[in-house]
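Enquirer: would you be able to build a 3D model of this:
(2 chains)
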Amino acid sequence: MNEIMSGLINVLSIWNLLALAVGMILGLFVGSMPGLSATMAIAILLPLTFGMDPATGITMLTSLYMGAMYGGSILAILVRTPGTPAAAATVMDGYKMTERGQAGKALGISLISSLVGGIVSGIVLLTVAPLLGKLALSIGAVELFAIAVLGLTIIASLAAGSVIKGLLAGSMGLLISFIGMDPITGTPRFTFGSIYLFDGISFVIALIGLFSIPQALKLVEKDKEVIKASKIKDKMLPSWQEIKALKGTLTRSSVIGVFTGLIPGTGGDTASWFSYNEAKRFSKQKNKFGTGHTEGLAAPEAANNAVVGGALIPTITLGVPGSSTTAVLLGGLMIHGIMPGPTLMTEHAEVTYTLLWAVLFSSIFLFVLGLLYTRLAVGVTKIPGKVLAPIIVLLCVIGTFAVNNSMVDVFIMFAFGIVGYFIDKLNIPVAPLVVGMILGMMLDTSLHQSLLIGDGSWLIFLQNPISAILLFIALISIFQSTPLFDKFIQLYNKRLRQDSK
Amino acid sequence: MSTLIKHSVASILVLVFAIVFYIESLKLPETAARLPQVIIIVIAFLAVAMFVEAFIKRNKTKTANNEAEGEDIEKINVIRLLVFGAAIALYIFLINIIGYLIITPIFSFLTLMYLKATKLRIAILLSIGFTAFIYGLFVEFLSIPIPMGILA
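Expert: Next comes the predicted model:
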């Protein structure tokens, strides 16, 4: 209880409130700009937070994450182009409302839905995370190894693209994390004789390169048309009656958002489509969906903000991030030497609880600043991508340099950027790669400890019931996304039909 | 470049990466090499699987889809991309030699002009203004030293 209160006091300090506001404005800006992502913005900002108190830094990054979720919807509603993948379902009814001259009302509903989604997820996070955190402390090395394997395989098999590419990206991430001094034997691993690699590849530097340079390159590779956003002519805030009519949809979608966020590998896009379909299923006016119906807009908007809290639960309690964005957020803690894992809720409780409160408070900031920003956003979307590309590069370079005052790091960042560009072109998902980089050390250490417990026998993972179940689920998660599984299902159905005949 | 060729090149590169890392892992004590070796074998297997997957996919969608994909690739301005990429590499290389404060406005001005991103006046203002902003933020506010090059 003490930690929860100290987290609350922490988040209410002047500096942290300022960090919330700055993060929110940046998040709204990034979300509303086509071609920019929240993950990229958080990665670029990481070195800046290095100079701050860890709690202030993480508060700013969380607020940015929340702001970008709504910012993405501004474009979806005004231009029919979702600013982020999580806002794709918003286009369905949001843009139709704009066509009817109700752009302001659509954005107002989107803002209120985001507020409700954010608050619900903040409350769930504050209630569930401490309980799970306590449970996580009783987890031993054998179970931790199985959890890390499960987390990685689920992310790899659910990430966009093929499961093979997802697993490949995850394994590559693991291997990269092994570069540097081995924590158990003290031997330098895969350093190829270079002293620069003795400390390993900094996670933050790799993140900046992977998420920012490809984005800058993509902004210049094509001649994109200038976006023409519709003007907002009507009132933004809907009436109390209109909000009350949406309460069922908002509650259901928020719950869907939180639960979808909990599953590694799924994110705002899955949650918003899922809640849109559920809203349609439960609605009395099913035929109005897709024609500019407020329920169809409120559902995805509440869900994509509720995802934030859900996604943070496994990230904080177990140290297993479920997406690129939460992995990058963890980078905000790692830059201060706070390592992911079950100790986040104990040794670093003050910072972690500040983060939990930041989710709740950022929703309130989102509502206030979102109202002010939205009308400005029409002008912001006109900034050409080609102006942003060199600016992104400048920020990446100075940001990377600032981490260790080293130009070698800048070259490593750029190399990661080039690799990131090509793996994006090959449709290889980046999320498993960064999650692999985070989990590598945890896997290696827990494997070593487990084998010590089991006298060198790998069977220890099957003898422990929890670990055996988790590893079995991991195996199923890979198997279900292979063509073999489809064949298996077809065969099973065929046999069923034959039996019934 | 067809999808199959792209995937073949990627698979070969990943295999080379795996082999190099495997050879390096042989120099390590058993405890330190255990998990990396398992991962390297998995990577090698997945690299081959990625190629096989691309090969099967190509056979399935040989006609219509591939043509559409080809058209999409053509829209990428490869020369602009290469020049921009080379400019970034050169910029990073010259920071230590010439100094951050001189090379940064030059890089941003030249790239903004080359990309035809904005008017000359705005490009000059942006280049100088942004360098000043970074200097203020990183050097004055966060006390992070920047490479001064010839200005040192």
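
Enquirer: show me the residues around the closest residue to residue A:70 other than its chain neighbours that make contact.
Expert: Take residue A:70 and drop its neighbours on the chain: the residue closest to it by CB to CB, 6 or more residues apart in numbering or on different chains is residue A:114, 4.5 Å away. For the C-beta atoms, the positions are set from N, CA and C on the backbone; glycine is no exception. The contact partners of residue A:114, by CB atoms under 8 Å, 6 or more residues apart in numbering or on different chains, come to A:69-70, A:73, A:301-302, A:304-305, A:363, A:366-367, A:370.

Enquirer: highest neighbour count among those residues?
Expert: With neighbours defined as other CB atoms under 10 Å in any protein chain shown, the most crowded of these is residue A:301; it has 40 neighbours.

Enquirer: mind checking the SS state of it?
Expert: Following DSSP: H, G, I helix; E, B strand; the rest coil, the label given to residue A:301 is helix.

Enquirer: counting neighbours, what do you get for the residue in chain A that chain B sits nearest to?
Expert: Nearest residue of chain A to chain B (CB to the nearest CB) works out as residue A:386 at 3.6 Å. A total of 21 residues lie near residue A:386 under the criterion other CB under 10 Å.

Enquirer: swap in residue A:350?
Expert: 16.

Enquirer: that one contacts residue A:3, doesn't it?
Expert: Yes: shown here, residue A:350 and residue A:3 form a contact pair, counting by CB atoms under 8 Å, at 6.7 Å.

Enquirer: can the helix or strand hosting residue B:88 be found next to chain A?
Expert: Using DSSP states H and E, residue B:88 sits within helix B:78-98. Yes: Helix B:78-98 lies within reach of chain A by CB under 8 Å from any CB of the partner chain, at B:80-81, B:84-85, B:88-89, B:91-92, B:95-96.

Enquirer: helix or strand for the residue nearest to residue A:70, which one?
Expert: helix A:103-137.

Enquirer: narrow the contacts of residue A:114 to those in helices?
Expert: A:69-70, A:73, A:301-302, A:304-305, A:363, A:366-367, A:370 (DSSP state H).

Enquirer: of all these, which two lie farthest apart?
Expert: By the measure CB to CB, these have their two most distant members at A:304 and A:367, which lie 15.3 Å apart.

Enquirer: look up how far residue A:8 lies from residue A:17.
Expert: Distance, residue A:17 to residue A:8, by CB to CB, to the nearest Å: 12 Å.

Enquirer: hang on, I meant residue A:301
Expert: For residue A:301 relative to residue A:8 (CB to CB), the value is 27 Å.

Enquirer: cool, and residue A:282?
Expert: From residue A:282 to residue A:8 the distance is 35 Å (CB to CB).

Enquirer: which strands or helices does the host helix or strand of residue A:16 pack on?
Expert: According to DSSP H and E, residue A:16 maps onto helix A:14-32. With contacts taken as 3 or more CB pairs under 8 Å, 6 or more residues apart in numbering or on different chains; DSSP states H and E, helix A:14-32 sits against helix A:2-11, helix A:38-50, helix A:54-79, helix A:349-380.

Enquirer: tell me which residues in it are buried?
Expert: Neighbour-count burial for helix A:14-32, counted by 16 or more other CB atoms under 10 Å in any protein chain shown, picks out A:16, A:19-21, A:23-32.

Enquirer: now do stretch B:103-111
Expert: B:103-105, B:107-109, B:111.

Enquirer: circling back to that earlier point, in ChimeraX, select just the buried ones from the residues of helix B:78-98 next to chain A.
Expert: The following ChimeraX line selects those of the residues of helix B:78-98 next to chain A that are buried, judged by 16+ other CB under 10 Å:
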select /B:80,81,84,85,88,91,92,95
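
Enquirer: of the residues of helix B:78-98 next to chain A, closest to residue A:203?
Expert: Nearest member of the residues of helix B:78-98 next to chain A to residue A:203, counting by CB to CB, is residue B:92, at 20.2 Å.

Enquirer: state the distance from the closest one to residue B:99.
Expert: 13 Å.

Enquirer: what's the helix or strand for residue A:433?
Expert: helix A:431-453.

Enquirer: and that helix, what does it pack onto?
Expert: Secondary elements touching helix A:431-453 (3+ CB pairs under 8 Å, 6+ apart): helix A:141-158, helix A:163-177, helix A:203-221, helix A:324-334, helix A:460-463, helix B:30-60.

Enquirer: got the angle between that helix and helix A:141-158?
Expert: With axes from the mean of the first three to the mean of the last three CA atoms, to 10 degrees applied, the angle from helix A:431-453 to helix A:141-158 works out at 160 degrees.
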